[in-house]
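**Student:** heads up, no residue letters with this:
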């Protein structure tokens, strides 16, 4: 017998149960409750198409810039590895900008919301290494987040 307790606003992602849970026909296969996406797709359920991912994202300055004790970039580029594959955090693309002061600014998905940090190593290669390390965990691997969405 199973007991169910409804909890508003709480969700557990159980992964996939069958191949069609992985974005539909031809996007991926379900293996051990995890989607293994075909090359042109990515994300936890193979929902994102690599060719349609934004190469840059920008802050709409009409509303507001990032507020803080220093100036942050308003435009960020898609982070790719040396082979041109999209770097991900929690199954979402990662964006970065090297500021004029040399700080590496990074926008990444944290599991529930997006965050901005300027403390992810000295270089883009340092960032790639950190994201490639398994398992990556934002709480443990990010020293400080400046902003959340």
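**Tutor:** Here it is on my side, so go on. Every value quoted in this text rests on a predicted model; they were computed, and no experiment measured them. Numbers count the residues shown, from 1 in each chain.
**Student:** What's opposite the nearest residue to residue 89 once chain neighbours are set aside in the beta bridge?
**Tutor:** Closest residue to residue 89 apart from its sequence neighbours, by C-beta to C-beta, 6 or more residues apart in numbering: residue 108 at 4.4 Å. Where you see a C-beta, it was placed from the backbone N, CA and C, and this is true even at glycine. Counting by DSSP bridges, residue 108 forms beta bridges with residue 115.
**Student:** Could you check stretch 33-41 and say which residues are buried?
**Tutor:** Buried residues in stretch 33-41, counted by 16 or more other C-beta atoms under 10 Å: 35, 37, 41.
**Student:** correct me, but the residue nearest to residue 89 touches residue 115?
**Tutor:** Yes. When contacts are counted by C-beta atoms under 8 Å, residue 108 is listed as touching residue 115 (6.3 Å).
**Student:** what is in contact with those two at once?
**Tutor:** Counting by C-beta atoms under 8 Å, 6 or more residues apart in numbering, the shared contacts of residue 108 and residue 115 are residue 138.
**Student:** So for these two, which residue has more residues nearby?
**Tutor:** residue 108 (26 against 19; other C-beta atoms under 10 Å).
**Student:** From residue 30, how far off is the more buried one?
**Tutor:** 26 Å (C-beta to C-beta, to the nearest Å).
**Student:** what does residue 102 give?
**Tutor:** Distance, residue 102 to residue 30, by C-beta to C-beta: 44 Å.
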